[in-house]
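Undergrad: coordinates only, sequence not included:
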């Protein structure tokens with residue numbers, strides 16, 4: 001069974017990696033060439049058009065359910081309408097150019113198109129409703145959008161965003177999705193769950209919804225899990241429900257949405273995802289769409305395609321190993337490498353949502369004299385500052401810098 005599990009992991013990696021790498025590069029191109037000010041000029045007026053444009057913008061952007069929240073709040077702060085923000089918040093985490101490419105490669109074009117259409121419709125519907133009901137969001141305090149500090153050549157900026165930023169943020173969740181998919185396909189026989197005909201109806205859709213809502217998975221990492229469910233006998237429509245509900249919602253994000261945007265928008269957000277995902281899954285089931293999974297069977301690849309897929313798989317594994325080892329060594333060095341002349345300050349900071357936030361805070365603080373190193377953590381919402389103990393440092397300066405960037409900070 002161990003060998004079968006390893007083979008399943010490798011097969012999933014080689015099927016996912018080429019499309020993921022292509023999707024990451026496309027995401028980098030979008031990031032570099034799409035201008036934020038032009039985008040906002042189309043999102044400021046409340047109504048159907050703004051919601052539709054926000055969904056159109058959100059569908060190709062590769063942001064997960066945690067990363068999309070500060071981006072959406074940033075849009076609101078910069079003048080986007082309530083409906084546009086809600087539409088963006090709903091549609092963006094379900095898709096992305098990287099996710100669309102991987103879905104097409106692994107599950108086929110019908111599901112890829114169904115996911116894009118469903119995310120677009122959900123965004124428009126949620127945004128239109130949010131504009132009509134209102135919720136006092138204008139008085140809500142917004143967190144800063146992820147900062148956009150970039151320099152260097154065009155290829156370097158694309159690489160930094162695609163791999164040092166985006167891939168770094170999601171690689172652990174992609175690995176999680178691959179392992180879960182491999183586990184499902186190793187334990188269960190193909191179509192084993194199809195003998196339970198009750199899963200073919202609404203109960204199967206609700207089961208996928210119950211799995212997807214509390215679980216944190218990004219739009220890419222949800223794909224191999226959905227493929228594993230289909231392999232085990234889950235209906236295609238149920239897999240689509242998981243592909244929508246998993247990335248768009250999770251326990252942490254739902255709490256943040258309610259706190260940041262208010263109860264009414266939160267209800268619009270969650271109910272729209274539930275209703276549209278169930279409706280889209282039911283429609284897909286009624287169409288009797290079939291899904292082929294060449295990465296489980298091992299067939300359907302010529303030698304050149306197999307070689308390229310294998311090379312892409314190796315690159316993806318190397319990238320995952322690099323960020324894992326780098327993070328481990330960084331933590332060890334910071335915990336054991338302090339000298340007697342060095343002391344630290346720790347701040348609790350609200351609003352750190354991704355690696356871009358970490359970079360902007362660290363870069364700003366390192367400009368202050370007397371600071372040796374800065375470690376900002378989006379996971380723990382903390383900033384640890386290593387000080388040169390031989391020099392006097394005013395801690396209020398560090399707090400002032402963080403707050404000037406738009407983050408709420410206090411010393412622990």
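TA: Now that the structure is in, tell me what you want to look at. Computed from a predicted model, the values in this text were never measured in an experiment. Residues are numbered from 1 along each chain as shown.

Undergrad: which parts of stretch 242-251 are buried?
TA: For stretch 242-251, burial by neighbour count (16 or more other CB atoms under 10 Å) applies to 242, 243, 244, 245, 246, 247, 248, 249, 250. Quick note: C-beta positions are derived from backbone N, CA and C, even for glycine.

Undergrad: what do you get for stretch 278-287?
TA: 278, 279, 280, 281, 282, 284, 285.

Undergrad: With stretch 7-24 instead?
TA: 8-24.

Undergrad: can you tell me the average pLDDT over that stretch?
TA: What stretch 7-24 shows for mean pLDDT is 79.

Undergrad: Run through who's touching it.
TA: 62, 96-102, 104-106, 162-163, 166-167, 174, 178-179, 181-182, 185-186, 220, 223-224, 227, 294-296, 298, 306, 308-310, 312-313, 315-317 (CB atoms under 8 Å, 6 or more residues apart in numbering).

Undergrad: just the buried members of those residues?
TA: In terms of neighbour count (16+ other CB under 10 Å), the buried residues within the contacts of stretch 7-24 are 62, 96-102, 104-106, 162-163, 166-167, 174, 178-179, 181-182, 185-186, 220, 223-224, 227, 295-296, 309-310, 312-313, 316.

Undergrad: Out of those residues, which sit inside helices?
TA: Within those, residues falling in helices by DSSP state H are 97-102, 104-106, 174, 178-179, 181-182, 185-186, 223-224, 227, 295-296, 309-310, 312-313, 316.

Undergrad: Could you measure from residue 349 over to residue 130?
TA: To residue 130, residue 349 is 29 Å away according to CB to CB, to the nearest Å.

Undergrad: Helix, strand or coil: sort out residue 80 for me.
TA: Of the three states, residue 80 takes coil under DSSP: H, G, I helix; E, B strand; the rest coil.

Undergrad: Map the structural domains onto the sequence of the protein.
TA: Using automatic domain parsing, the domain parsing of the chain gives 2-318, 339-411.

Undergrad: what about residue 349 and residue 130, which has more around it?
TA: A direct count of neighbours by other CB atoms under 10 Å for residue 349 and residue 130 places residue 130 higher, at 30 against 23.

Undergrad: quick one: what helix or strand has that one in it?
TA: In this structure, residue 130 sits in helix 109-133 according to DSSP states H and E.

Undergrad: and the angle for that helix with helix 97-107?
TA: Interaxial angle, helix 109-133 versus helix 97-107 (axes from the mean of the first three to the mean of the last three CA atoms, to 10 degrees): 140 degrees.

Undergrad: got the buried residues for the longest strand that the chain contains?
TA: Scanning the chain for the longest strand, with DSSP state E as the assignment, gives strand 342-350. Within strand 342-350, the residues that count as buried by 16+ other CB under 10 Å are 345, 347, 349.

Undergrad: Of the residues you listed, which is the nearest to residue 377?
TA: residue 349 (9.0 Å; CB to CB).

Undergrad: Could you report the neighbour count for the nearest residue to that closest one once chain neighbours are set aside?
TA: Nearest residue to residue 349, sequence neighbours excluded (CB to CB, 6 or more residues apart in numbering): residue 409, at 4.6 Å. For residue 409, the neighbour count with other CB under 10 Å is 21.

Undergrad: And residue 409, its phi and psi?
TA: Main-chain dihedrals, residue 409, degrees, to the nearest 10: phi -130, psi 150.

Undergrad: Wait, it touches residue 383, no?
TA: Yes: here residue 409 reaches residue 383: they are 7.2 Å apart, a contact under CB atoms under 8 Å.

Undergrad: Spit out the residues that contact the two alike.
TA: 347, 349, 402.

Undergrad: Can you tell me which of the residues you listed is nearest residue 204?
TA: Ranked by distance to residue 204 (CB to CB), the shared contacts of residue 409 and residue 383 are led by residue 349 at 42.6 Å.

Undergrad: give the contact list for that closest one.
TA: Contacts of residue 349 (CB under 8 Å, 6+ apart): 361, 376, 381, 382, 383, 402, 407, 408, 409.

Undergrad: same thing with residue 58?
TA: 68, 87, 88, 90, 91, 92, 95, 119, 123.

Undergrad: Identify, from the residues you listed, the entry nearest to residue 50.
TA: Distances from residue 50 to the contacts of residue 58, taken as CB to CB, are shortest for residue 87 (7.7 Å).

Undergrad: That closest one: how many residues sit nearby?
TA: For residue 87, the tally of surrounding residues (other CB under 10 Å) stands at 36.

Undergrad: these two touch, right, residue 100 and residue 112?
TA: Yes: look at residue 100 against residue 112 with CB under 8 Å: they come within range, at 5.6 Å.

Undergrad: Name the next helix or strand downstream of the longest strand of the chain, please.
TA: helix 355-365.

Undergrad: The helix or strand following that next one packs against which elements?
TA: Using DSSP H and E, the next helix or strand after helix 355-365 towards the C-terminus is strand 371-377. Here strand 371-377 touches helix 303-336, helix 355-365, strand 382-388, going by 3 or more CB pairs under 8 Å, 6 or more residues apart in numbering; DSSP states H and E.

Undergrad: okay, those in JSON lines with distance to residue 158 and mean pLDDT next?
TA: Listed next are these as JSON lines, based on distance: least, CB to CB, whole Å; pLDDT from 0 to 100:
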{"stretch": "helix 303-336", "distance to residue 158": "15", "mean pLDDT": "79"}
{"stretch": "helix 355-365", "distance to residue 158": "15", "mean pLDDT": "78"}
{"stretch": "strand 382-388", "distance to residue 158": "28", "mean pLDDT": "82"}
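
Undergrad: Which one, of those, ends up nearest to residue 47?
TA: Nearest to residue 47 among these is helix 355-365; the distance by CB to CB comes to 30.7 Å.

Undergrad: which other helices and strands contact the closest one?
TA: Using 3+ CB pairs under 8 Å, 6+ apart: helix 355-365 touches strand 371-377, strand 382-388, helix 395-404.

Undergrad: list the buried ones in that helix?
TA: 355, 356, 357, 358, 359, 360, 361, 362, 364, 365.

Undergrad: do the same with stretch 313-330
TA: Buried residues in stretch 313-330, counting neighbours by 16+ other CB under 10 Å, are found at 313, 316, 319, 320, 323.

Undergrad: and the gap between residue 393 and residue 375?
TA: Between residue 393 and residue 375 the computed distance is 16 Å (CB to CB).
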